[in-house]
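Participant: Just a sequence and a predicted model for now, questions to come.
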Amino acid sequence: MTIKVGTASWTDPTLIRSKRFYPPGCSSAEARLRFYATQFSLVEVDSSYYAMPSATNSVLWAERTPNDFTFNIKVFRLFTGHQTDRAMFPKDMQAALPQNGKKNLYYRQVPGDVLQELWRRYREAIEPLRVAGKLGAVHFQFAPWMINNTEGRKHVEHCTDVMNGYTVAVEFRHESWFADAARSARTLAFERERGLVNVIVDEPQGPANSIPAVWEVTNNDLALLRLHGRNHATWNLQGTTASSDRFNYDYDDDELSGLATQIYEISQAVAQTHVVFNNNFENQGQRNARTMDEMLSKLDLPRTI
């Protein structure tokens, strides 16, 4: 039983500007990752959601981190049902996109041969991390309008098939997946059947694009908890230019202590547990992650910060 604690991204602009995490002179991409890896042994790659990742970066990330370091990597937004600016597609593929006058495209609008090539390039881009033994979960954060119906489940199955052989974690963002006990049971059974990691979330409750924290294991190899904060006022904030505007929340010690107990309990059912703090305004996530590690250490459980 091992717990790894880390944060979502190590390059958030507000984190860098705050000057509260990186030491003076730590200003290059290489220096920041090397320093981050001395503080934590897990990080979630956020940039791969906004644009396709590259094998070149994966090689550099693997070279700049210790042997026991783990990268969870988010999937390109197009694959998860989000609208995607055509400028975010690889430049050499943009001419093959449908010329429908729309700035944004959805998965269903992209030609099949283009999709196949995008998936191929995505797998190729993360392969250096897998070869280095540093690839953790491939994380699908599905669009909040992807509901629990036949179409939604088929798309999840399609993504799972395409990423066969990888540890796939799924984070649903529509209430229909866990709206009641019966639907929760069906969703969990679906995840277990497909070998998917159920992403446990800590986030504001109430809106349709929120789901409850479902502390259930669906893959014996990994449990994954993502902490988005509990800021109701900013959860559906409109017009934001950075995710840190939405996830501006500082967990207090009582909240972290309660979570630590639950993390300890669920970790006993899996080989490894990942705890990712996504409250990414300035150094909130890094501070909360360190506090969480201290609390877990008092529970006498093997873990790697």
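Facilitator: Received, thanks.

Participant: Can you list the residue ranges for strands in the chain?
Facilitator: For the chain, the strands defined by DSSP state E cover 2-8, 42-45, 70-74, 84-85, 104-105, 135-141, 168-171, 197-202, 222-227, 272-277, 303-304.

Participant: Which one of those strands lies nearest to residue 251?
Facilitator: strand 222-227 (7.2 Å; C-beta to C-beta). Just so you know, the C-beta spots here come from the backbone N, C-alpha and C atoms, and that holds for glycine as well.

Participant: Quick check: mean pLDDT of that closest one?
Facilitator: Averaged across strand 222-227, pLDDT comes to 98.

Participant: Which strands border it, and is each parallel or antiparallel?
Facilitator: Paired neighbours of strand 222-227 in the sheet (DSSP bridges): strand 197-202 (parallel), strand 272-277 (parallel).

Participant: least reliable of the strands of the chain going by mean pLDDT?
Facilitator: Among the strands of the chain, strand 303-304 carries the lowest mean pLDDT, a mean of 57.

Participant: Could you save the strands paired with strand 222-227 as TSV and add columns showing distance to residue 42 and mean neighbour count?
Facilitator: As requested, the strands paired with strand 222-227 are arranged in TSV below (distance: least, C-beta to C-beta, whole Å; neighbours: other C-beta atoms under 10 Å):
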stretch	distance to residue 42	mean neighbour count
strand 197-202	14	24
strand 272-277	6	26
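
Participant: quick one: low-confidence ranges for this protein?
Facilitator: The model of the chain has pLDDT under 70 over residues 240-241, 300-305.

Participant: just the helices in it please.
Facilitator: In the chain, the segments counted as helices under DSSP state H are 13-18, 29-39, 47-50, 55-63, 112-131, 150-162, 181-194, 232-235, 243-246, 253-267, 284-297.

Participant: Contacts only, for the residue nearest to residue 98 when sequence neighbours are not counted.
Facilitator: Among residues not flanking residue 98 along the chain, residue 109 sits closest, at 5.9 Å (C-beta to C-beta, 6 or more residues apart in numbering). Taking C-beta atoms under 8 Å, 6 or more residues apart in numbering, we find residue 109 in contact with 98, 100, 102.

Participant: Count the residues that sit near the closest residue in space to residue 228 that isn't next to it in sequence.
Facilitator: Nearest non-adjacent residue to residue 228, counting by C-beta to C-beta, 6+ apart: residue 203, 4.1 Å away. Here the number of neighbours of residue 203 (other C-beta atoms under 10 Å) works out to 22.

Participant: got a list of what residue 203 touches?
Facilitator: Counting by C-beta under 8 Å, 6+ apart, residue 203 makes contact with 210, 211, 227, 228, 229, 230, 235.

Participant: related to what we said a few turns ago, of the contacts of residue 109, closest to residue 31?
Facilitator: Residue 31 has its nearest neighbour among these in residue 102, at 40.6 Å by C-beta to C-beta.

Participant: For stretch 4-23, list every residue counted as buried.
Facilitator: Across stretch 4-23, burial judged by 16 or more other C-beta atoms under 10 Å covers 4-10, 12, 14-16, 21-22.

Participant: Closest one to residue 150 out of these, please.
Facilitator: Relative to residue 150, the closest of the buried residues of stretch 4-23 is residue 8; by C-beta to C-beta it sits at 31.4 Å.

Participant: doesn't residue 276 make contact with the closest one?
Facilitator: Yes. When contacts are counted by C-beta atoms under 8 Å, residue 8 is listed as touching residue 276 (5.5 Å).

Participant: All good on my end, thank you.
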